[in-house]
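Undergrad: Sharing a sequence plus its predicted fold:
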Amino acid sequence: MNEENIDAVEGVSNWEEKVGLAKMLVGGVIMDVPNAEQARIAEEAGAVAVMALERVPSDIRKDGGIARMAPVSKIREIQQCVSIPVMAKSRIGHFMEAEILEALSADFIDESEVLTPADEAAHIDKTPFKAPFVCGARNLGEALRRISEGAALIRTKGEAGTGDIIHAVRHMKLINSEIEELSGTGEWGLWSYADKHNAPKDLIRQVAAEGRLPVPNFAAGGIATPADAAMMMRLGAEAVFVGSGIFKASPDPQKQASVARAIVRAVTHFDDPAELVNICQNVDVAMRGEDMADTPEEQLLQSRGW
Amino acid sequence: MVSFESSRELKDGGEPVIGVLALQGSFPLHLASLRRCGIRGRRVRKPGDLAGIRGLIIPGGESTTMENLARRCGLFEALREAAGAGLPIFGTCAGAILMGRGAERPDRLELVDVEVRRNAYGRQVDSFSADLFLAPFDRPFHSVFIRAPIIENPGTRLDCEVLGKHGENPVLLRSGRMLLATFHPELTDDLRVHRLFLRICGIEEGNAPAEALEETSNRQLRKNSY
């Protein structure tokens, strides 16, 4: 069993390089940054990449309105001030935003439910792009639909901007238990599974054989503390996206930096509780957050996309 | 051809262990490559993890992140000391950046006196792969370059041996017990570069069965956590 193989998903351009970059981000923290100053804080704290966006998700939740791709000038500014990969978000289905981001040399494009969807019928066809895409997923079927469209990286959707980890935990556990279930299923079972979950059969078969997704799976949505990040790693996430959890933890840039540094270290030392004590001892702030366990489905960002 | 000296005597006949710096990056892939070579790998996250290893791999990933984490857990100085004491080290991409010299961030270990420029080909859209002829091998090596660095050509210096080039740029370079690759052999099934490093470490062939070499992996943890 060659879990380390890069299996080309048919027809996706530059598959090796796309999944290759995703694999280089493993064990790292990708931080949401709305401006150059916060990008610098993120890089100095040890972020493996930054996500350029107009507003962090908790502000998008609060302000409402239409959330779009970040302004080009802002993305440029962030690209100029850091040397780590710069990702950026496009709206679901908004292939023009994606083409602009690719032309801007964004290192990864996040087709994200955090922004307002632009197409109610179709996600972006990601196969012809040279830039890699990351997409959110709540379950295995959704993850495989995104991969068949050309996504080179999957992340849990969680519930962005809330500081509440419950949805990310649910999505990660569900995907992993579905993979486990699939591993013990015979050929007929795979076919009915593919039908039931509306997932491509070739990818279902591949997951059953390898016992894992064909691309890395990261955690995102509601991660606010070093312990949250370590928990997601323990649940099988290969890296972590943190949005509002850092820059909404405190208005003080020094405290923001201390949270960012601690989350970076927690992702590395996630299986060492004694080290986690050291890591957490200088962190005395966390974003206030919002309890999302009982929020109705239609008010959740994660129900965007399918 | 390259000559390989045994870097260390096998102590007490024990099974050789190769460390992989496991702070961030492609360390799971390097551990898998070692496993397929029949060699036991060890995750290195603290200075104490360096004890008794026969060689160390610094993986691909983000060099600024690795430098940052290595400093905070005391590994940065420990790695320099270990290299000074003769530990063979193999760096891929970010690993090669950390092993070389450079004016820009991050701070380097400076184990090899060559300049390694970060992101020298450009951004991710400039990442590429190529089948390259590398001096130690008789068949081309499928080399994947991800936001790759460029090693400045060391010219005719005797302490550096360029083992492969892409255009004019060295992509595989040996200096004593140090081996630098600007591409990612760990992304492919091809174990030849790893075996080259194992020979630098004085290890001819691993014979432990692959199952016995499985370390705690994300997948196992995932299973254990249910």
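TA: Everything's here; your move.
Undergrad: what distance separates the longest helix that chain A contains from the middle of the whole chain?
TA: Using DSSP state H, we find that the single longest helix of chain A is helix A:166-183. Distance of helix A:166-183 from its chain centroid, counting by Cα atoms, centre = their mean, to the nearest Å, is 15 Å.
Undergrad: is chain B contacted by it?
TA: Yes - applying Cβ under 8 Å from any Cβ of the partner chain, one finds helix A:166-183 in contact with chain B at A:N176, A:S177, A:E180. Where you see a C-beta, it was placed from the backbone N, CA and C, and this is true even at glycine.
Undergrad: Quick check: the gap between the closest residue to B:R118 other than its chain neighbours and chain A.
TA: Nearest residue to B:R118, sequence neighbours excluded (Cβ to Cβ, 6 or more residues apart in numbering or on different chains): B:P149, at 5.2 Å. B:P149 sits 11 Å away from chain A, going by Cβ to the nearest Cβ, to the nearest Å.
Undergrad: Determine the number of other residues adjacent to B:P149.
TA: 24 (other Cβ atoms under 10 Å in any protein chain shown).
Undergrad: surely it meets B:C93?
TA: Yes - B:P149 is within contact range of B:C93, at 6.7 Å (criterion: Cβ atoms under 8 Å).
Undergrad: which neighbours do the two share?
TA: B:T182 (Cβ atoms under 8 Å, 6 or more residues apart in numbering or on different chains).
Undergrad: thinking again about what came up before, contacts for the longest helix of chain A next, please.
TA: So helix A:166-183 is contacted by A:137-140, A:143, A:156-159, A:190, A:193, A:197, A:204, A:207-208, A:211-213, A:217, A:219-223, A:231-232, A:235-237, A:292-293, A:300, A:302, B:222-223, B:226 (Cβ under 8 Å, 6+ apart).
Undergrad: Mind giving me the PyMOL command for buried ones among these?
TA: Selecting only the buried entries of the contacts of helix A:166-183 in PyMOL, with 16 or more other Cβ atoms under 10 Å in any protein chain shown as the criterion:
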select buried, (chain A and resi 137+138+139+140+143+156+157+158+159+190+193+197+204+207+208+211+212+213+217+219+220+221+222+223+231+232+235+236+237+292+300+302) or (chain B and resi 222)
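Undergrad: Just the ones of the contacts of helix A:166-183 in strands?
TA: A:A137, A:T156, A:N217 (DSSP state E).
Undergrad: Name the residue of the stretch 151-300 of chain A that lies nearest to chain B.
TA: A:G236 (3.6 Å; Cβ to the nearest Cβ).
Undergrad: And the strands in chain B, which stretches?
TA: Going by DSSP E, chain B shows strands at B:17-21, B:40-44, B:55-58, B:89-92, B:116-117, B:128-132, B:141-145, B:150-151, B:161-166, B:169-175, B:178-181.
Undergrad: How far does the third one sit from its chain's centre?
TA: The one in question is strand B:55-58. Using Cα atoms, centre = their mean, the offset of strand B:55-58 from its chain centre is 5 Å.
Undergrad: ok, that strand near chain A or not?
TA: No - Strand B:55-58 is not in contact with chain A by Cβ under 8 Å from any Cβ; minimum separation 12.9 Å.
Undergrad: And the contacts of that strand?
TA: So strand B:55-58 is contacted by B:7, B:18-21, B:27, B:30, B:34, B:44, B:50, B:66, B:79, B:82, B:87-92, B:94-96, B:98-99, B:197-198, B:200-201, B:203 (Cβ under 8 Å, 6+ apart).
Undergrad: who does that strand pair up with?
TA: strand B:17-21 (parallel), strand B:89-92 (parallel) (DSSP bridges).
Undergrad: Can you tell me which of these is packed in deepest?
TA: strand B:89-92 (a mean of 29; mean count of other Cβ atoms under 10 Å in any protein chain shown).
Undergrad: residue contacts, residue 143?
TA: Using chain A here. A:A137, A:I154, A:I175, A:L213, A:N217.
Undergrad: let's do chain B instead
TA: Taking Cβ under 8 Å, 6+ apart as the test, what B:S143 contacts is B:S129, B:A130, B:D131, B:L132, B:G164, B:H166, B:V171, B:F183, B:H184, B:P185.
Undergrad: out of the residues you listed, which is most surrounded?
TA: B:F183 leads the contacts of B:S143 on contacts (other Cβ under 10 Å) with 29 neighbours.
Undergrad: Next, that residue: phi, psi?
TA: phi -110, psi -170 (degrees, to the nearest 10).
Undergrad: Could you find the closest non-adjacent residue to B:E110?
TA: B:R101 (5.5 Å).
Undergrad: which residues does that neighbour bridge with?
TA: B:E115.
Undergrad: before we move on, the earlier item: in TSV, list the strands of chain B along with mean pLDDT.
TA: Formatted as TSV, those follow (pLDDT from 0 to 100):
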stretch	mean pLDDT
strand B:17-21	97
strand B:40-44	96
strand B:55-58	98
strand B:89-92	98
strand B:116-117	96
strand B:128-132	96
strand B:141-145	97
strand B:150-151	96
strand B:161-166	96
strand B:169-175	97
strand B:178-181	98
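Undergrad: just for chain A, where's the confidence low?
TA: For chain A, applying pLDDT under 70 flags the ranges A:1-10.
Undergrad: Test my guess that B:R45 contacts A:V267.
TA: No - assessed by Cβ under 8 Å, B:R45 is found out of contact with A:V267, at 11.8 Å.
Undergrad: So which of those two has more stuff around it?
TA: A:V267 (31 against 21).
Undergrad: Okay, the more buried one and B:E104: tell me how far apart.
TA: Distance of A:V267 to B:E104, given as Cβ to Cβ, to the nearest Å: 25 Å.
Undergrad: for A:D125, same thing?
TA: 37 Å.
Undergrad: cool, and B:R72?
TA: 21 Å.
Undergrad: cool, B:D159 as well?
TA: 24 Å.
Undergrad: Please apply the same query to B:L173.
TA: 19 Å.
Undergrad: just B:G55 next, same as before
TA: Distance from B:G55 to B:E104, by Cβ to Cβ: 28 Å.
Undergrad: So between those two, which is more surrounded?
TA: B:G55 (25 against 11).
Undergrad: and the more buried one, bridged to which residues?
TA: B:I18.
Undergrad: Now do the closest residue to B:F133 other than its chain neighbours: how many residues are near it, please.
TA: The shortest distance from B:F133 to any non-neighbouring residue, by Cβ to Cβ, 6+ apart, is to B:P140 (5.5 Å). By other Cβ under 10 Å, the residues close to B:P140 number 12.
Undergrad: My read is that B:P140 contacts B:D131, right?
TA: Yes - B:P140 is within contact range of B:D131, at 4.0 Å (criterion: Cβ under 8 Å).
Undergrad: ok, the most centrally placed residue in chain A to B:L191 distance?
TA: In chain A, the C-alpha nearest the mean C-alpha coordinate belongs to A:R155, at 3.7 Å (Cα atoms, centre = their mean). Distance, A:R155 to B:L191, using Cβ to Cβ: 31 Å.
Undergrad: Then A:S250?
TA: For A:S250, the distance to B:L191 - Cβ to Cβ - is 48 Å.
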